[in-house]
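K.L.:
need a structure here:
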Amino acid sequence: MQPLLFDTSVWIDALRRKETPQTNLLTHYLDNDYEIPLIPIVVQECLQGIRDDAQHHKVKETFRRFTRLEIAPMAVAMGASALFRSLRKKGVTIRKSNDCVIAFYALSFDLEVVHNDSDFELISTYSGLKTWRNN
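P.N.:
You can find the predicted model right below:
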């Protein structure tokens, strides 16, 4: 299976045991030990929202086993801001700038984004971003 970039929205739904096509796909990847790349902003967004210390520790340890994708922070800032600006020039405003960071990583590593966030569909409509579609 090809690696997919799971957005924070999917991880949070999975942690809350919410069943969706996206969380089912994540579970399938986890159960079959398929490669799951993680990026810093997704790790941060997931971990900062966990209130229970034991769950926080467990998720942090689980995340350590996945492939980590990293790009120099300044390159991410420049690339994500360029993506945000290009979309805004087309009349599209992305609500959360972190979504442009995630999209920039996906574009840089040629990964499809699995998400529960409409902003990614907007980004993909006006850029080369690929998003996973449940067929």
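
K.L.:
which residues in the chain form strands?
P.N.:
Per DSSP state E, the chain carries strands over the ranges 4-6, 37-38, 67-68, 112-114, 130-131.

K.L.:
Let me know which of those is the nearest to Ser124.
P.N.:
Counting by C-beta to C-beta, Ser124 lies closest to strand 130-131 out of the strands of the chain; the figure is 4.8 Å. For every residue, glycine as well, the C-beta is placed using N, CA and C.

K.L.:
Please enumerate the helices of this structure.
P.N.:
8-15, 21-31, 40-48, 53-63, 73-89, 97-109, 118-125 (DSSP state H).

K.L.:
Mean pLDDT and distance to Gln44 for the strands of the chain - can I get that in a markdown table?
P.N.:
Below are the strands of the chain laid out as a markdown table (pLDDT from 0 to 100; distance: least, C-beta to C-beta, whole Å):
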| stretch | mean pLDDT | distance to Gln44 |
| --- | --- | --- |
| strand 4-6 | 98 | 14 |
| strand 37-38 | 98 | 10 |
| strand 67-68 | 96 | 13 |
| strand 112-114 | 98 | 17 |
| strand 130-131 | 97 | 22 |
